[in-house]
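coords please:
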Amino acid sequence: MPTELQNLKESNEFLNLLLDNMDSAVLIADENMKIHQFNNSFLDLFDNAAESILEAGFGETVGCINAVLENKACGKTSQCANCLLRRSLILNLTDKPSVDKQPLNRIFYINGKPVQKYLQFSTRKVTFQGRKMFLIIIYDVTDIEKQKIELQEKQKLIVRDLEAAAAIQKSLLPARSPIITNIQVAWEFEPCSQIGGDIFNIHNMDEHKIGLYMLDVCGHGVPAALISVAVSQFLNSGDGLLGNNCELVSPELVLAKLYQAFPYERFDSFFSIICMTIDVRQGLLTYSNAGHPPPMLLRANGPMETLDHHGSVVGLDCGQSAGHQTLVLHKGDKILLYTDGLIENRNPTGAFFGKQRFYDSLEKYRYKPVQDLVGSVYTAAIDFRRPAEPDDDVSILGVEYRGQTGNHYSI
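Below is the predicted model of the structure:
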């Protein structure tokens, strides 16, 4: 018998040692939430003196905001019926399953000051001192929850920044379809959720010429959008297609200036771009390409042509010229510019829309007016992708040459 008593004493000492060194608060309470036993972590969590706890109500002991503001005992306030802890104990009395890690987020008055705490609790029915009572374990997740809230706030700021970047990006696209004698223009643009770096536009150059460009900055997010904005501003400045005196600057010269102005060492990024001019009166198309997907030329009376003359992307090589190529356009010819987001569209299985589907769509719709052509190719790409979201911006810009009748045009 002495050995059994000694073993029991040692067991009790072990349990007390274990409870007092647990990080979680542990207490035993009756059905009225009167506290009958607790561990040191409970004292640390609510910073109360041990002598004020035993046989006191949970609400008064921990400084529950409802008990303090209404100056009433636990179970007597107007909000006690909504207390998750109290309700869980009542359910336990009706043989409902015990609860595990339920939230208990509330303001507690500790040393007279309101403190927001984020807690979780678990309950178990136990027999203590010959009575049916409840073992309550309280986990303090305040630091974790505050970190979550901070991350959520930061995420909201990021989302607002991305929305602002998307608005800026959209403002740099053509506001409306330009009205140009002998030229029809159409486009489609779908931004990806991460914000990409696609920008394109079309401008009057001089009395008989128009200029257009399309660029795609490597990467996503605000950095890519900011670089695309910087390039767009550059192209609209005296170094762009219009030059200092609103006179035509050749696409090759524009790209040469971009190579010098946007080295990789300065922006830690690179981009592809194609610049193109069309002499509406003479039907001459001149383009320079810095690593951009090659435009497609759909002849009204002839096969499709890939305009594959190109130099390196801007940012990776500042020493060489991209060169240029000039072609003669005929009435009904169409030119299609696009970014790689179009052909790299992926469906839910991970398959790419790809060049062949793109070429098949062009062949299928090539004789439609340019507005219908662009819309049909874009629809084919997004129908292939659905319901997946785009991984990259999708940009398509189409131009149809209507012949050499007349000289006047305006945007």
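
quick one, strands of the stretch 201-350 of the chain?
In the stretch 201-350 of the chain, the strands defined using DSSP state E, counting those that start in this stretch lie at 209-217, 271-279, 284-290, 296-298, 304-306, 325-328, 334-338.

what's the neighbour count on the residue nearest to residue 402 when sequence neighbours are not counted?
In space, and not counting its chain neighbours, residue 402 is closest to residue 182: 4.5 Å by C-beta to C-beta, 6 or more residues apart in numbering. For glycine as for every other residue, the C-beta is placed from the backbone atoms N, C-alpha and C. Neighbourhood size, residue 182 [other C-beta atoms under 10 Å]: 21.

ditto for residue 96
Neighbours of residue 96 using other C-beta under 10 Å come to 10.

re the thing from before, mind giving me JSON lines with the strands of the stretch 201-350 of the chain and columns for mean neighbour count and distance to residue 96?
Shown next, in JSON lines, are these (neighbours: other C-beta atoms under 10 Å; distance: least, C-beta to C-beta, whole Å):
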{"stretch": "strand 209-217", "mean neighbour count": "25", "distance to residue 96": "59"}
{"stretch": "strand 271-279", "mean neighbour count": "25", "distance to residue 96": "63"}
{"stretch": "strand 284-290", "mean neighbour count": "23", "distance to residue 96": "70"}
{"stretch": "strand 296-298", "mean neighbour count": "20", "distance to residue 96": "69"}
{"stretch": "strand 304-306", "mean neighbour count": "14", "distance to residue 96": "71"}
{"stretch": "strand 325-328", "mean neighbour count": "13", "distance to residue 96": "79"}
{"stretch": "strand 334-338", "mean neighbour count": "25", "distance to residue 96": "62"}
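
Those strands: which one's closest to residue 35?
strand 209-217 (63.0 Å; C-beta to C-beta).

hang on, the earlier thing: could you check the strands of the stretch 201-350 of the chain and tell me which one is nearest residue 104?
Short answer: strand 209-217, nearest of these by C-beta to C-beta, at 48.8 Å.

where are the low-confidence patches of the stretch 201-350 of the chain?
For the stretch 201-350 of the chain, the stretches with pLDDT under 70 are 206, 238-248, 317-319.

And for the helix or strand hosting residue 357, what's in contact with it?
Using DSSP states H and E, residue 357 falls within helix 354-365. Under the criterion C-beta atoms under 8 Å, 6 or more residues apart in numbering, residues 296, 298, 304, 336, 338, 342-343, 372-373, 376-377, 380-381, 384 lie in contact with helix 354-365.

for stretch 398-406, same thing?
181-187, 202, 212, 278, 280-283, 329-337, 369-371, 373-374.

Can you tell me which of those residues are buried?
182-187, 202, 212, 278, 280, 283, 329, 332-337, 370, 373-374 (16 or more other C-beta atoms under 10 Å).

and the lengthiest strand in the chain, what does it pack onto?
In the chain, assigned by DSSP state E, the strand with the most residues is strand 113-128. Other elements packing on strand 113-128 under the criterion 3 or more C-beta pairs under 8 Å, 6 or more residues apart in numbering; DSSP states H and E are helix 84-93, strand 102-110, strand 131-140, helix 142-171.

Tell me which of the buried ones among the contacts of stretch 398-406 fall in helices.
In this view, these that belong to helices under DSSP state H are 370, 373, 374.

Closest to residue 113 out of those residues?
residue 374 (64.5 Å).

Just the endpoints, please. Distance across stretch 269-285?
30 Å (C-alpha to C-alpha, to the nearest Å).

and the direction of the helix holding residue 357 versus that of strand 334-338, what angle?
Angle of helix 354-365 versus strand 334-338, following axes from the mean of the first three to the mean of the last three C-alpha atoms, to 10 degrees, is 150 degrees.

and helix 354-365, how far out from the chain's middle?
Counting by C-alpha atoms, centre = their mean, to the nearest Å, helix 354-365 is centred 31 Å from the centre of its parent chain.

try stretch 381-390
Using C-alpha atoms, centre = their mean, the distance between the centre of stretch 381-390 and that of its chain works out at 18 Å.

if you average pLDDT over it, what comes out?
Stretch 381-390 carries an average pLDDT of 88.

do the same with stretch 88-102
The model assigns stretch 88-102 a mean pLDDT of 81.

what does stretch 153-171 give?
pLDDT averaged over stretch 153-171 gives 80.

Residues contacting that stretch, please?
So stretch 153-171 is contacted by 189, 191, 194-196, 198-199, 221-222, 225-226, 228-229 (C-beta under 8 Å, 6+ apart).

Quickly name whichever of these is closest to residue 389.
residue 194 (9.7 Å).

and that closest one, what pLDDT?
pLDDT at residue 194 comes out at 66.

go on, residue 31?
86.

before we move on, what SS does it have?
Three-state assignment for residue 31 (DSSP: H, G, I helix; E, B strand; the rest coil): coil.

residues touching it, list them.
89, 90, 93, 132, 133, 134.

Output those in TSV; the columns should cover neighbour count and distance to residue 270.
What follows is the contacts of residue 31, written out as TSV (neighbours: other C-beta atoms under 10 Å; distance: C-beta to C-beta, whole Å):
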residue	neighbour count	distance to residue 270
89	22	64
90	12	66
93	11	69
132	12	73
133	21	70
134	22	65
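
Out of the residues you listed, which is nearest to residue 310?
residue 89 (74.1 Å).

Quick check: beta-bridge partners of the residue nearest to that closest one when sequence neighbours are not counted?
Closest residue to residue 89 apart from its sequence neighbours, by C-beta to C-beta, 6+ apart: residue 134 at 5.4 Å. On the basis of DSSP bridges, residue 134 is bridged to residue 29, residue 125.

Quick check: residue 134 touching residue 125?
Yes - when contacts are counted by C-beta atoms under 8 Å, residue 134 is listed as touching residue 125 (6.2 Å).

Quick check: neighbours shared by these two?
With C-beta under 8 Å, 6+ apart, residue 134 and residue 125 have common neighbours residue 92.
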